[in-house]
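# The following comprises the amino acid sequence and a computationally predicted model.
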Amino acid sequence: MISFFEASLAELSIHRIGNKSQDEFYVLSDQSIAIRDITLSRLLQTYFLGPYEKVNEIYRFIHPNGDLNLNEAHHFAAEIFASGETFHENSKELAKYLYDVSGHPKIKAGELYVAYFENVQIEGELHDAIGIFKSENKESYLKVFPEKNGFGLSYEEEAININKLDKGCLIFNTEKEEGFKVAVIDQKSADSVYWKDEFLKLKIRNDSFNQTASVLGVYKNFVTEKLDEEFDISKADKIDLLNKSMKYFKEKESFDLEEFSNEVIGNAEGIESFKSYKKNFEEEFDQPIPDSFDISGAAVKKQARTYKSVLKLDKNFHIYIHGDKELIEKGFDDDKYMNYYKVYFKEEE
């Protein structure tokens, strides 16, 4: 969805952000950096843009009051896109604003990079993009170099691993009135909510990828967490319901709530319970999911990794259920006073 083989790094500003609650301060640079070294520019693009090649979710800036002009990150990005000459000054404003919301005691100090890229591709179109990145975790590196009669060895501490971007976002210069297109990287941690929710204030875009992912996520939670409250259902039956839903999404081109409910759940009480669960999710998270939409293959592939088809029996056996649930039966042995499963098959491979 996002690629950077045609992209170029036009301008870069670096600042340092401390933790406000720890009485650390921010340090702002006087001017942006001109990157003239081709190798360094290529490494920076790999560090900043490389992680986005695997990102599918696209967000938009929002503000709780509904006025996008009150979203600071959106405002400063719009200023930069409107006039490139304001890039560095607005990068400093972004740094100061990030410092203001860095109040959680576990937030680490680190460098803030604000970059301007030209010709980054998103969804098949080329756009300029503003990148905002923060490096928080440092590592030590060994350096081996040739020396007379052999090799020498040294090290460098507090270095940055260009294969591990801690936090970042790409703001694309398109659809400004809707909140721009924004892609996010945020390594999970106890303090990570401040980056996406407090600093950027983002809401996921309601497209086919997110609609598909949302329905699969809601249905998975419904089966694994909600069904037990209302129905007497075995783990094998739960796995069967999950397998049916995944089969539906892999074979169909579009989702239809009524069709899905009848083909996958097939029980009037279960269908009503799922629809109610879906409605509660939409209201709680303010994330409406339409009753019909085009299915995203990328979202299905991503969600499939979280769908478990393994029946774990104590610590002795794992049964993988991929097909007909009718070929497995559950029972109870009175003599051994233990549960058992009976599995039917034609051939052993």
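Nice, thanks for sending it over.
# how about the helices in the stretch 151-300 of the chain?
In chain order, the stretch 151-300 of the chain shows helices spanning 193, 208-221, 227-230, 235-251, 257-260, 268-285, 297-304, with DSSP state H, counting those that start in this stretch as the criterion.
# Least reliable of these by average pLDDT, please.
Comparing those by mean pLDDT, the weakest confidence falls on helix 193, with a mean of 78.
# which secondary structure elements does it contact?
Applying 3 or more CB pairs under 8 Å, 6 or more residues apart in numbering; DSSP states H and E, one finds that helix 193 makes contact with no other helix or strand. C-beta: built from backbone N, CA, C; applies to glycine.
# returning to that earlier point: distance to F172 and mean neighbour count added to the helices of the stretch 151-300 of the chain, as CSV?
Output for the helices of the stretch 151-300 of the chain, formatted as CSV (distance: least, CB to CB, whole Å; neighbours: other CB atoms under 10 Å):
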stretch, distance to F172, mean neighbour count
helix 193, 23, 12
helix 208-221, 16, 20
helix 227-230, 41, 12
helix 235-251, 28, 18
helix 257-260, 32, 16
helix 268-285, 25, 15
helix 297-304, 18, 16
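# Format those as JSON lines; extra columns: distance to K143.
Shown next, in JSON lines, are these (distance: least, CB to CB, whole Å):
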{"stretch": "helix 193", "distance to K143": "37"}
{"stretch": "helix 208-221", "distance to K143": "42"}
{"stretch": "helix 227-230", "distance to K143": "56"}
{"stretch": "helix 235-251", "distance to K143": "48"}
{"stretch": "helix 257-260", "distance to K143": "56"}
{"stretch": "helix 268-285", "distance to K143": "48"}
{"stretch": "helix 297-304", "distance to K143": "38"}
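# Report the residue ranges of every domain in this structure.
Per the record, the chain has its domains at 2-136+163-204, 208-343, by automatic domain parsing.
# winner for burial among these?
The highest mean neighbour count among the domains of the chain belongs to domain 2-136+163-204 (a mean of 17), with neighbours defined as mean count of other CB atoms under 10 Å.
# Please produce TSV containing the domains of the chain, extended by distance to F145.
Rendered in TSV, the data for the domains of the chain read as follows (distance: least, CB to CB, whole Å):
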stretch	distance to F145
domain 2-136+163-204	17
domain 208-343	42
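# Go ahead and confirm V27 touches H15.
Yes. The pair formed by V27 and H15 meets the contact definition of CB atoms under 8 Å, at 6.4 Å.
# pretty sure K308 is in a strand, no?
No. Membership of K308 in a strand is not supported by DSSP: H, G, I helix; E, B strand; the rest coil, which gives coil.
# helix or strand for the closest residue to N90 other than its chain neighbours, which one?
By the measure of CB to CB, 6 or more residues apart in numbering, the closest residue to N90 outside its immediate chain neighbours is F76, 4.4 Å from it. With elements delineated by DSSP states H and E, F76 resides in helix 72-82, which encompasses its position.
# Does that helix pack against any helices or strands, and if so which?
helix 87-101, strand 125-135.
# shaky segments in the stretch 51-200 of the chain?
Scanning the stretch 51-200 of the chain for pLDDT under 70 picks out the ranges 188-192.
# Between the two ends of stretch 196-216, how far is it?
The first residue of stretch 196-216 is 23 Å away from its last residue (CA to CA, to the nearest Å).
# Equivalent analysis for stretch 134-143, please.
From the first residue to the last, stretch 134-143 extends over 25 Å; the measure is CA to CA.
# and S296, what does it touch?
Contacts of S296 were listed using CB atoms under 8 Å, 6 or more residues apart in numbering, and they are N56, D207, S208, F209, Q211, T212, A213.
# I meant to write P51 there.
Contacts of P51 were listed using CB under 8 Å, 6+ apart, and they are L165, G168, I185.
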